[in-house]
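Enquirer: below: sequence and its predicted model.
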Amino acid sequence: MSIKNIRLEVMQFLEKNVDSFVEQYLIPVEKIWQPSDFLPNSEGENFFEEVKELREIAKELPYDFWVTLVGDTITEEALPTYESWLMDVEGVNQVENGGNGWSKWIRQWTGEENRHGDLLNKYLYLSGRVNMREIEMTTQHLINDGFDIGTGSDPYKNFVYTSFQELATYVSHNRVAQIAKKFGDNKLSKMCKMIAGDEMRHHHAYSEFVTRIFAVDPSEMMLAFQYMMKQKIVMPAHFLRESGQKISTAFEQFSDSAQRIGVYTANDYVEIMQKLMDKWEIDKISNLTDEAEKARDYLMKLPARMARISERIVIPQESHIFKWVEPARL
């Protein structure tokens, strides 16, 4: 049987548990928080006073913070790209008989994720600290440009990617929450904490999918993990650009801002890699082929190697001035 057919068989085997995955890792629509829970009530008599208070508190937040929050928001807003990519993964079928279990999972995961961009976008708009038209153009460019995360339609590689990326997004939103609180913006801190909580639940789900694949197809799962770590995990917004600029030209400067204020760093990347290895207990997995054993050896040495490289990274001290956030507004 070909590798592709085995992957399809494993996906069909895991699909039997999709309903339990949904029940365990996702929250029903009527019970989960919604963006309006954390924003000024536009129907209330105190709406304008609440907006004024939000804007006053927002004045205390520094430049790199706004750049990072904008970049995080744009990343969340490019959700159509992520959903369409996952719908193309081997074993996912959204057409026949109304879609299979995996397409149900992806749609409901997307429904939860969609709230994140909605909430942050509305906050940015009300804050008065950013150029919304520039942000909207960047978001449209990012959706137009798509992304290439190096997984193809391979479910094993895609689940490694989502396991890593959901945890990275948790780290980013959680750190933004901590910084917002430090500057006295408790409401924004709460928003980002709630988003981070969703990301952690989603991380647990995707990493559980990988755990189950390791149990039935350990060698191929190990090779997929090694492949993704060797080529490095690219961020979903790696094609980020400002209006009038070429594809991907804004990502490095955005990443520098995030590193400068400690929201997401090269060290975080290494720690996430190590956490995944520990979670999947790759040192204890048996019945591996010779090729998969070599892949494991490579993986076990990788965090230390990457840590040494991360120590040599130099981040520019001066902030790049983005069209999204004009210093005059701050």
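Expert: Perfect, I can see it now. Numbering: from 1, shown residues only.

Enquirer: quick one: residue 130 and residue 124 touch, right?
Expert: Yes. At 5.2 Å, residue 130 counts as touching residue 124 under the criterion of Cβ atoms under 8 Å. From N, CA and C alone the C-beta is placed, and that goes for glycine too.

Enquirer: got any residues that touch both of these two?
Expert: Common neighbours of residue 130 and residue 124 (criterion: Cβ atoms under 8 Å, 6 or more residues apart in numbering): residue 70.

Enquirer: buried set for the helix or strand of the chain with the lowest mean pLDDT?
Expert: None of the helices or strands of the chain scores lower by mean pLDDT, DSSP states H and E than helix 3-15, at a mean of 91. Using 16 or more other Cβ atoms under 10 Å as the test for burial, helix 3-15 gives 7, 10-11, 14-15.

Enquirer: now that helix, how far from the chain's geometric center?
Expert: 25 Å (Cα atoms, centre = their mean, to the nearest Å).

Enquirer: outside of it, which residues touch it?
Expert: Defining contact as Cβ under 8 Å, 6+ apart, one finds that helix 3-15 is touched by 1, 90-92, 100-102, 154-156, 209, 212-213, 216-217, 220.

Enquirer: in ChimeraX, how would I select just the buried ones from the residues you listed?
Expert: Buried subset of the contacts of helix 3-15, written as a ChimeraX selection, criterion 16+ other Cβ under 10 Å:
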select :90,91,92,100,101,102,154,155,156,209,212,213,217,220
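
Enquirer: nearest to residue 237 among the contacts of helix 3-15?
Expert: Relative to residue 237, the closest of the contacts of helix 3-15 is residue 154; by Cβ to Cβ it sits at 22.0 Å.

Enquirer: how far away is that closest one from residue 58?
Expert: According to Cβ to Cβ, to the nearest Å, residue 154 and residue 58 sit 43 Å apart.

Enquirer: now the helices for the protein?
Expert: 3-15, 18-25, 47-58, 63-77, 79-86, 101-127, 132-145, 155-182, 186-216, 218-231, 251-260, 266-280, 290-311 (DSSP state H).

Enquirer: could you dump those to TSV with distance to residue 242?
Expert: Shown next, in TSV, are the helices of the chain (distance: least, Cβ to Cβ, whole Å):
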stretch	distance to residue 242
helix 3-15	39
helix 18-25	36
helix 47-58	22
helix 63-77	11
helix 79-86	18
helix 101-127	16
helix 132-145	6
helix 155-182	20
helix 186-216	24
helix 218-231	27
helix 251-260	9
helix 266-280	24
helix 290-311	27
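
Enquirer: would you mind finding the most buried of the ones you listed?
Expert: By mean neighbour count, with neighbours taken as mean count of other Cβ atoms under 10 Å, helix 63-77 ranks first of these at a mean of 25.

Enquirer: for that helix, packing partners?
Expert: Counting contacts by 3 or more Cβ pairs under 8 Å, 6 or more residues apart in numbering; DSSP states H and E, helix 63-77 packs against helix 101-127, helix 132-145, helix 155-182, helix 251-260.

Enquirer: change it to 10 Å
Expert: helix 101-127, helix 132-145, helix 155-182, helix 186-216, helix 251-260 (3 or more Cβ pairs under 10 Å, 6 or more residues apart in numbering; DSSP states H and E).

Enquirer: okay if I get those as CSV plus distance to residue 78 and mean pLDDT?
Expert: As requested, the helices and strands packed on helix 63-77 are exported to CSV (distance: least, Cβ to Cβ, whole Å; pLDDT from 0 to 100):
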stretch, distance to residue 78, mean pLDDT
helix 101-127, 8, 98
helix 132-145, 5, 98
helix 155-182, 12, 98
helix 186-216, 15, 98
helix 251-260, 12, 95
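
Enquirer: show me what contacts residue 122?
Expert: 35-36, 38-40, 42, 73, 191 (Cβ atoms under 10 Å, 6 or more residues apart in numbering).

Enquirer: out of these, what pair is the most spread apart?
Expert: Largest pairwise distance in those, by Cβ to Cβ, is 19.8 Å, between 42 and 73.

Enquirer: the residue of the chain positioned farthest from its centre and residue 110, how far apart?
Expert: In the chain, counting by Cα atoms, centre = their mean, residue 45 sits farthest out from the average C-alpha position, at 36.7 Å. In this structure, residue 45 and residue 110 are 36 Å apart, going by Cβ to Cβ.

Enquirer: follow-up on the earlier one: out of the helices of the chain, nearest to residue 326?
Expert: Closest among those, using Cβ to Cβ: helix 132-145, at 8.8 Å.

Enquirer: what packs against the closest one?
Expert: helix 63-77, helix 79-86, helix 101-127.

Enquirer: of all the ones you listed, which one is nearest residue 230?
Expert: helix 79-86 (20.7 Å).

Enquirer: any idea of the mean pLDDT in the closest one?
Expert: In this model, helix 79-86 has an average pLDDT of 96.

Enquirer: many thanks, have a good one.
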